[in-house]
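J.: have a look; sequence and predicted model below, questions after that.
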Amino acid sequence: MAMRFSVLASGSTGNAMYVETASQKILVDAGLTGKKMDELFKKIDRDPKQLDALLVTHEHSDHIKGAGIFARKHNLPIYANEKTWKAMEKQIGQLTTDQKFHFNQETVKQFGDLEVESFGVSHDAADPMFYCFRHEGRKLVIATDMGYVSERIKKTIAGANSYVFESNHDLNMLRVGRYPWNVKRRILSDMGHVSNEDAALALHDIADHTPIHVYLAHLSLDNNMKDLARMTVKQVLEQEGHQVGKSIHLHDTDPYSPTALCVV
């Protein structure tokens, strides 16, 4: 069975992603209420009771809001690095010792037939990290909540078939928008979020001649729009010589509805 995935929800209101192979069913983040998480799984016709693990990227509430209640309800083991555990323990509540596991940065873990590699990112959290998934020669990357895309990250994530990639904000919308300046400064900083333009430039640096699918993720509700993100990324990539729609395929994600289950 091929590796498949669905971006269950993506945005500032909550983030969650599902990855499956023949033997493994993995959830990355649970940033919505437990009830909403169950509803999202129904929409992709999957049973959360069959999940094998929940991998946490960092402790911000839009990534762990439902993690504790969801793990308790479905007896789910949670994996996170040590600093993230310390930062989120009070938020997710009581768990049994056999539900708490460490997954440190820059390491590789095997979950059945699925290999998962963690990599650190620059973001204003305790020890934020994201994941590369490998199965039968195919590679899937989740990379959001980044202030910038470093050369180290580009090297780690290069060569994937599918990317769930941050395209958080349009620079002009952010600059003239309603956010106070200290929030704007945080978003624009190296510990904040990647803009549409910077997402496109990073994708240009990592794209090779193999067709790739890119799911533009973690769009700001106030400072971005799906059409604008897709148009900007497409324009920049085409200016850099890529054939969008042939060598690079762009897809939307949504804060409230899951993407269809897709083969990596």
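T.: Received, thanks.

J.: quick one, helices of the stretch 51-200 of the chain?
T.: Secondary structure of the stretch 51-200 of the chain, counting by DSSP state H, counting those that start in this stretch: helices at 61-64, 67-74, 82-92, 151-157, 171-176, 181-188, 196-206.

J.: against which helices or strands is the second one packed?
T.: So the one you mean is helix 67-74. Under the contact criterion of 3 or more Cβ pairs under 8 Å, 6 or more residues apart in numbering; DSSP states H and E, helix 67-74 touches helix 34-43, strand 53-55, helix 82-92. Any C-beta I mention is one placed from the backbone N, CA and C, and that applies to glycine too.

J.: need the winner for burial among these.
T.: Neighbour counts (mean count of other Cβ atoms under 10 Å) averaged over each of the helices and strands packed on helix 67-74 peak at strand 53-55, with a mean of 24.

J.: list the contacts of it.
T.: Strand 53-55 is contacted from outside by 24, 26-30, 67, 70-71, 76-80, 101, 103, 111, 116, 131, using Cβ atoms under 8 Å, 6 or more residues apart in numbering.

J.: let's see it at 10 Å
T.: The contact list for strand 53-55 (Cβ atoms under 10 Å, 6 or more residues apart in numbering) reads 16-17, 19, 24-30, 48, 64, 66-67, 70-71, 74, 76-80, 99, 101, 103, 109, 111-112, 114, 116, 118, 129-131, 133, 142.

J.: neighbouring strands - and their directions - for it?
T.: Strand 53-55 sits in its sheet next to strand 25-28 (parallel), strand 78-80 (parallel), going by DSSP bridges.

J.: just give me how far the longest helix seen in the chain sits from the chain centre.
T.: Longest helix in the chain, counting residues (DSSP state H): helix 226-239. Remark: helix 226-239 is offset 20 Å from the chain centroid, using Cα atoms, centre = their mean, to the nearest Å.

J.: so the next helix-or-strand element following that helix versus helix 226-239, what angle?
T.: For helix 226-239, the following helix or strand on the C-terminal side (DSSP states H and E) is strand 248-252. Strand 248-252 runs at 170 degrees relative to helix 226-239, counting by axes from the mean of the first three to the mean of the last three Cα atoms, to 10 degrees.

J.: distance between strand 248-252 and the chain's centre?
T.: Chain-centre distance of strand 248-252: 15 Å, with Cα atoms, centre = their mean.

J.: going forward, begin numbering at 224 instead of 1
T.: Yes, from this point I'll number from 224; that puts the last item at strand 471-475.

J.: so what touches it?
T.: 230, 233, 385-388, 390, 423, 426-427, 430, 434-440, 442, 449-450, 452-454, 456-457, 460-461, 465, 467, 482-483, 485.

J.: 7 Å instead?
T.: By Cβ atoms under 7 Å, 6 or more residues apart in numbering, the residues outside strand 471-475 that reach it are 430, 434-439, 449, 453, 456-457, 460, 465, 467, 482.

J.: what about the closest residue to residue 290 other than its chain neighbours, which SS state?
T.: Excluding its sequence neighbours, the residue lying closest to residue 290 (Cβ to Cβ, 6 or more residues apart in numbering) is residue 253, at 4.3 Å. For residue 253, the assignment made with DSSP: H, G, I helix; E, B strand; the rest coil gives coil.
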